[in-house]
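[1] here's a sequence, model it:
(4 chains)
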2 protein chains.
Amino acid sequence: MAEFALRNETRYGNRPTMKDVAARAGVGLKTVSRVVNGEPGVTPDTERRVQEAIEALGFRRNDSARVLRKGRTASIGLVLEDLADPFYGPLSRAVEEVARAHGALLINGSSAEDPDREQELVLALCARRVDGLIVIPAGHDHRYLEPEIKAGVATVFVDRPAGRIDADAVLSDSYGGAREGVAHLIAHGHRSIGFIGDQPRIHTAAERLRGYRAAMADAGLPVDERWVSLGSTDPARVRAAAEEMLSGPEPVTALFAGNNRVTVTAVRLLAGRDTPIALVGFDDIELADLLGITVIAQDSAALGRTAAERLFRRLDGVHEAPTRVELSTRLLARGSGEVPPPGA
Amino acid sequence: MAEFALRNETRYGNRPTMKDVAARAGVGLKTVSRVVNGEPGVTPDTERRVQEAIEALGFRRNDSARVLRKGRTASIGLVLEDLADPFYGPLSRAVEEVARAHGALLINGSSAEDPDREQELVLALCARRVDGLIVIPAGHDHRYLEPEIKAGVATVFVDRPAGRIDADAVLSDSYGGAREGVAHLIAHGHRSIGFIGDQPRIHTAAERLRGYRAAMADAGLPVDERWVSLGSTDPARVRAAAEEMLSGPEPVTALFAGNNRVTVTAVRLLAGRDTPIALVGFDDIELADLLGITVIAQDSAALGRTAAERLFRRLDGVHEAPTRVELSTRLLARGSGEVPPPGA
DNA sequence: CCTGCCGATGACAACGTTGTCCAGGCTCTA
DNA sequence: TAGAGCCTGGACAACGTTGTCATCGGCAGG
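    The predicted structure is shown next:
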């Protein structure tokens, strides 16, 4: 496990300190501190002299020292899976918005869906003494966080629950959403429906598959196991899986895509075919309205906002048992999900 | 200007320190430090005892104190305009990737295109003593950064140059890209081409407009000022501007969209019309291939990577004059830009 | 057996800030 | 006019870590 090591070759280019400012202004150290922090008890004249010295020296308070002294860093950590995934943009932005409202900075990093990297990142953030953590977990065992949580690091999991510890979680209703989406396809006459999802160890992928099975069972439809494919969301894999379901003796007439990456690949694939295949995807996609893609939309901004608000509530000292919140999803019918099966 | 204030109500839940570990292991403070940092000169037996104490207490080194002592924070700041804009996802991810390779963490925030907020954020990051800064500037006067840069905070601007100071910048060739895109439309027979862009005070917007004018001039075509509209990228404004250009006595037969947000709105608008209008947009968009949108693509990941690499080169002590790098763009012809004018 | 050396270990100061507490000078009142 | 009380300003310790330097014990060589 690589280390986030500090280098010790160089030091700051000798930044001025409060001591320097004090010397220049001809006042005591603590007086400078008072001025910098807007504390009362400084004559206007003294304050002016100090301000001038600050200006002249280009002094900027060293928050590292401040943090060391005060114990709080006014920063929170956000660990997500991939900054470049459009799903996380609004989420991350919502978190930042809330953090800003609470005067906190955001430190973030991506786990790239690798549990080791997630742990490495989280612990690096804890070493920085972030006040709180928002984590989209990649791993399934978060017991390594126990000492941190006990020590007071507020922690909220988003999009997927924590593994083997009891912690706050803010999720989308993957099960319900998938169930609704598949039921939608069934309602339009489909009886053989394929499901292509992410790796089964990912909680949302498993939940969505569960929703698929539930919808099929609700309708009394059997599920041929060749219709179900979980695995990486690599386009080649998804494409191969879809092609297999669409060919053979008993091809599916509709596809349910387990997340946005799968949906994109499916759309590309289906665009190249002559017979129309129905498609419903989990997650909304930009321009999906123009392409007429029916999706189960989750509100990723609300996910982030809810998680961040919960985090700050905890930081404000609210003590309650960890809770799990599930935000509901919305079916957006745009055409691709309303295609009837051939011959219907 | 709001302050990123530390709260002082509570302290950490009393985390164990090296002193505690030392006491428990029955060794000196410095020995613990040595073990934690993997320094040589510790007997295997002593090391084991210390490790056990660390484990038992759940000790985690306090990097704030470490930073205070060592002078380097091993973190860099990234200030961008909007985390939710898909253009910045890959950029931000690329920066993170490079930072990670150098063992640094990323602290980031959005300016929301507001110069005051940009300054506030940048200075908050400087107070945290980030080692370096990557900034997508919203403002046009960055003299406030001079003391910081002088004090050794490496700074690289991305996407837009710095204002009123001499600093590194990594840009896309907005001028050349727009010129190529407009020339492409001209080559397909268009003579009246509309340009809809972002606010003129934004450098890239101005450069792209300059490219537009250059291409028109190259072809000896006059520019009717009603064909040019700069302003907010709010969909309503863009829509209104486009509709005005497309109606009236002398409607344009093609549109050049100044950035991804404008392109999206334009695509929506044009999708609702019966007569085809040619469109070229600056910035690529996901699924643009399926929609057949011709774009001038910039490599936002390369932008971020290049900037971050430059930053770390400076942090590694390389001293050279600030430079400006311009990355070239690529025209991706997908259909919408190859539509001929009506009657051609 | 003594000297010198080396490797392991710990004592101590310093990093830059803030909280506590005290000193000195002022005003106000009895 | 003296004492009480207030306001301003500064000295000092502490936060948790790391760099410097001294110490201690053992071991090899004389």
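[2] and whatever residue of the stretch 151-300 of chain A ends up closest to DNA strand C, how many residues sit next to it?
    Nearest residue of the stretch 151-300 of chain A to DNA strand C: A:G152, at 17.9 Å (C-beta to the nearest atom of the strand). C-beta here means a position set from N, CA and C on the backbone, and glycine is covered the same way. Around A:G152 there are 18 other residues, counting by other C-beta atoms under 10 Å in any protein chain shown.
[3] now the phi/psi pair for it, please.
    With angles defined as degrees, to the nearest 10, A:G152 sits at phi 110, psi 10.
[4] get me the contact residues on chain A for DNA strand C.
    Neighbours of DNA strand C within chain A, by C-beta under 7 Å from any atom of the strand: A:12, A:15, A:17-19, A:29-30, A:33, A:36-37, A:59, A:61-62, A:65-66, A:68-70.
[5] just the buried residues out of these, in PyMOL syntax.
    The buried subset of the residues of chain A next to DNA strand C, as determined by 16 or more other C-beta atoms under 10 Å in any protein chain shown, is captured in PyMOL by this line:
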select buried, chain A and resi 15+17+18+33+36+59+61+62+65+66+68
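[6] go ahead and name everything in contact with the helix or strand harbouring A:F195.
    In the assignment (DSSP states H and E), A:F195 maps to strand A:193-197. Applying C-beta atoms under 8 Å, 6 or more residues apart in numbering or on different chains, the contact partners of strand A:193-197 are A:182, A:185-186, A:205, A:208-209, A:212, A:216, A:221, A:227-230, A:238, A:241-242, A:245-246, A:252-259, A:262, A:266.
[7] got it, and stretch A:239-257?
    A:178, A:181-182, A:185, A:188, A:190-197, A:212, A:224, A:226-227, A:229, A:231, A:263, A:265-266, A:269-270, A:273, A:277-282, A:339, A:341-342.
[8] spell out the residue ranges of the helices in the stretch 1-150 of chain A.
    A:18-25, A:29-36, A:44-57, A:63-70, A:88-101, A:115-127, A:146-150 (DSSP state H, counting those that start in this stretch).
[9] can those helices go into a markdown table with extra columns for mean pLDDT?
    Formatted as a markdown table, the helices of the stretch 1-150 of chain A follow (pLDDT from 0 to 100):
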| stretch | mean pLDDT |
| --- | --- |
| helix A:18-25 | 94 |
| helix A:29-36 | 94 |
| helix A:44-57 | 93 |
| helix A:63-70 | 94 |
| helix A:88-101 | 95 |
| helix A:115-127 | 95 |
| helix A:146-150 | 92 |
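[10] nearest to B:L331, out of those helices?
    The minimum distance between B:L331 and those falls on helix A:88-101, with 26.0 Å, by C-beta to C-beta.
[11] ok and the residue in the stretch 101-250 of chain A nearest DNA strand C?
    A:R129 (13.5 Å).
[12] quick one: contacts for that residue?
    Contacts of A:R129 by C-beta under 8 Å, 6+ apart are A:V67, A:T73, B:Y12, B:N62, B:D63, B:S64.
[13] near chain B, from the residues of chain A next to DNA strand C?
    A:Y12, A:R15, A:R61, A:N62, A:A65, A:R66, A:L68, A:K70 (C-beta under 8 Å from any C-beta of the partner chain).
[14] max pairwise distance over the residues you listed: which two?
    Largest pairwise distance in these, by C-beta to C-beta, is 20.7 Å, between A:Y12 and A:K70.
[15] quick one on the thing from earlier: out of the contacts of strand A:193-197, which sit inside helices?
    Cross-referencing the contacts of strand A:193-197 against helices under DSSP state H gives A:182, A:185-186, A:205, A:208-209, A:212, A:216, A:238, A:241-242, A:245-246, A:262, A:266.
[16] which one (most neighbours) among these?
    A:R208 (30 neighbours).
[17] what's the pLDDT at that residue?
    Looking at A:R208, its pLDDT reads 98.
[18] remind me which helix or strand the residue nearest to it when sequence neighbours are not counted belongs to.
    In this structure, A:R208 finds its nearest non-sequential neighbour in A:A178, 4.0 Å apart by C-beta to C-beta, 6 or more residues apart in numbering or on different chains. Using DSSP H and E, A:A178 sits in helix A:174-187.
[19] now that helix: mean pLDDT?
    Mean predicted confidence for helix A:174-187 is 98.
[20] DNA strand D contacts on the stretch 51-200 of chain A?
    So far as C-beta under 7 Å from any atom of the strand goes, the stretch 51-200 of chain A lies against DNA strand D at A:A65, A:L68, A:R69.
[21] I figured the first one hits B:L68, correct?
    The one in question is A:A65. Yes. Counting by C-beta atoms under 8 Å, A:A65 touches B:L68, with 5.2 Å between them.
[22] sketch out the low-pLDDT regions of the stretch 151-300 of chain A for me.
    For the stretch 151-300 of chain A, no stretch has pLDDT under 70.
[23] returning to what we had before: out of the contacts of stretch A:239-257, which are buried?
    A:178, A:181-182, A:185, A:188, A:190-197, A:212, A:227, A:229, A:263, A:265-266, A:269-270, A:277-282, A:339, A:341.
[24] against which helices or strands is the helix holding A:A178 packed?
    Here helix A:174-187 touches strand A:193-197, helix A:203-218, strand A:254-257, strand A:278-282, strand A:294-297, strand A:330-332, going by 3 or more C-beta pairs under 8 Å, 6 or more residues apart in numbering or on different chains; DSSP states H and E.
[25] sorry, back to before: farthest pair in the ones in helices among the contacts of strand A:193-197?
    Most distant of the ones in helices among the contacts of strand A:193-197, by C-beta to C-beta, are A:I186 and A:V238, 22.6 Å apart.
[26] quick one: contacts for A:V158?
    A:L91, A:I134, A:V135, A:I136, A:A169, A:V170, A:L171, A:L303, A:G304, A:A307.
[27] quick one, which of the helices and strands packed on helix A:174-187 is nearest to B:V318?
    Nearest of the helices and strands packed on helix A:174-187 (C-beta to C-beta): helix A:203-218, 44.6 Å.
[28] quick one: that closest one to helix A:174-187, angle?
    In terms of direction (axes from the mean of the first three to the mean of the last three C-alpha atoms, to 10 degrees), helix A:203-218 departs from helix A:174-187 by 40 degrees.
[29] bridging residues for the closest residue to A:V122 other than its chain neighbours?
    Residue nearest to A:V122 in three dimensions, not counting chain neighbours: A:V79, with 5.8 Å by C-beta to C-beta, 6+ apart. Beta bridges link A:V79 to A:G109, A:V135, judged by DSSP bridges.
[30] A:V79 and A:G132 touch, don't they?
    No. Contact criterion C-beta under 8 Å: A:V79 and A:G132 do not qualify, at 11.7 Å.
[31] hmm, back to that, how far does the strand holding A:F195 sit from the chain's center?
    A distance of 24 Å separates the centroid of the chain from that of strand A:193-197, by C-alpha atoms, centre = their mean, to the nearest Å.
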